[in-house]
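K.L.:
the following comprises the amino acid sequence and a computationally predicted model.
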Amino acid sequence: MDLVLGYDEGDLYGFTEDQIVGAARWDAANARWEYLVGAVDTVANTVTISGVTQFSEWTLLASAPPKAVTDLAGVRAGDDVQLVWTAVTQNILGASIAAPQYRIVRVAQDAILRHPPFVTGYPRTRCGR
């Protein structure tokens, strides 16, 4: 099924419609946004996503997100957890990106905490419990 998302140019929060690269669907089962490429029609002010099989919350994206980190490891260090990973250097479309920062969200018992402690870090970060 094709999903057509309409938008008003005045609601792009400072972005221009030529910056729209697609849309993301909220994947509640995995508590994450799933990026999907969309065809942008700047005349009709729509983004069409083909092959949609599930419905949920959607948002338009003004830039492609980075590829996922694949080698994340955590080690207990006293009362802390040390997270180590390799920095991602491409977005999901394969284009180079600047050295990213990461936002780490603590999740407990398969549910995101009401006020999760966010940690912004680089490929080697220590997080308190």
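P.N.:
Yep, it's here.
K.L.:
so where's this protein shaky on pLDDT?
P.N.:
When residues are selected by pLDDT under 70, those of the chain lie in 99-101, 105-129.
K.L.:
what's the domain layout of it?
P.N.:
Domain assignment for the chain, taken from automatic domain parsing, gives 3-61, 73-128.
K.L.:
which strands and helices sit next to the helix or strand where V47 lies?
P.N.:
If you go by DSSP states H and E, V47 is part of strand 46-49. Here strand 46-49 touches strand 3-6, strand 22-27, strand 39-41, going by 3 or more C-beta pairs under 8 Å, 6 or more residues apart in numbering; DSSP states H and E. (C-beta placed from N, C-alpha, C; glycine too.)
K.L.:
contact partners of it?
P.N.:
Residues outside strand 46-49 that contact it (C-beta atoms under 8 Å, 6 or more residues apart in numbering) are 2-7, 20, 22-23, 36-41, 60.
K.L.:
what about the residue lying closest to D18 once chain neighbours are set aside, how many neighbours?
P.N.:
Nearest non-adjacent residue to D18, counting by C-beta to C-beta, 6 or more residues apart in numbering: T42, 6.7 Å away. Residues within reach of T42, counting by other C-beta atoms under 10 Å, total 12.
K.L.:
try G6
P.N.:
G6 is flanked by 9 other residues according to other C-beta under 10 Å.
K.L.:
what residues are bridge-paired with the nearest residue to it once chain neighbours are set aside?
P.N.:
Nearest non-adjacent residue to G6, counting by C-beta to C-beta, 6+ apart: T46, 5.2 Å away. Residues in a beta bridge with T46, per DSSP bridges, are G6, D41.
K.L.:
again with R25
P.N.:
E34, W58.
K.L.:
ok, it touching L60?
P.N.:
No - using C-beta atoms under 8 Å, R25 is not in contact with L60, being 11.3 Å away.
K.L.:
this completes my enquiry, with thanks.
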